[in-house]
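Colleague: Build me a model from this:
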Amino acid sequence: VPNEVTWEFVAVSDGILVGTIGVPNVVMTWWPEAYPEGTTVFAYRQEETEIAWRFEASHSVAPSGIAISDGRVYIVDRTGKAQIERSKRKGKPLDVENRLVALDLASGELLWQHGIPKGLSHVWATDNKVLTGDLRHIHTYNGATGDAIWNRKTHAAFPVIIGDQVVAFPMAYALQTGEP
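Modeller: Numbers count the residues shown, from 1 in each chain. Down below sits the predicted model:
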């Protein structure tokens, strides 16, 4: 069934399972395309049967828009790709919104949120740094405060964090400073 509710993201950190549920959002273009995006992020503690906490996104959360590090859950809450595609097909303009959200892993408490550039849909986190990006840009934020640290244009590659380097083929950048 194309748009039946399903699990989309699942990870375990510090004994807490974090997940999302949503629908595949199948959109018919020249062929069927799926844009899995949910609106609910939830957590369970190991050995407990009740939900520990729940976060409702304002728009949507893609499976690639969640990262867990340093006791925090980072989420890219954005206007969904399926919603954008449907709007284009109908010829109706749509205000696209993106924000980066940080939640406390243990409690689900909102720690901070900031608007981020449109199009940034992926998130990675390590060493108190949060990276958001797409195929052409990387933006880095302080994990504790959400303050912007550095950003770079890239050349058609999603970044990979290796040690203290951010590798976005064909370049590598220092995680702390963004210097090549």
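Colleague: contacting residues around the residue positioned nearest the centre of the chain?
Modeller: For the chain, the residue nearest the mean C-alpha position is Gly65 (1.6 Å; CA atoms, centre = their mean). Shown in contact with Gly65 (CB atoms under 8 Å, 6 or more residues apart in numbering): Ile75, Val76, Asp77, Arg78, Ser121, His122, Val123. From N, CA and C alone the C-beta is placed, and that goes for glycine too.
Colleague: what helices or strands is the longest strand along the chain leaning on?
Modeller: Longest strand of the chain, by residue count under DSSP state E: strand 51-61. Strand 51-61 makes packing contacts with strand 16-23, strand 37-45, strand 72-78, strand 98-104 when contacts are defined by 3 or more CB pairs under 8 Å, 6 or more residues apart in numbering; DSSP states H and E.
Colleague: Tell me the strands beside the second one, with direction?
Modeller: Based on DSSP bridges, the pairing partners of strand 37-45 within the sheet are strand 16-23 (antiparallel), strand 51-61 (antiparallel).
Colleague: Now mean neighbour count and distance to Gly71 too, for those, in TSV please.
Modeller: Formatted as TSV, those follow (neighbours: other CB atoms under 10 Å; distance: least, CB to CB, whole Å):
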stretch	mean neighbour count	distance to Gly71
strand 16-23	20	10
strand 51-61	17	14
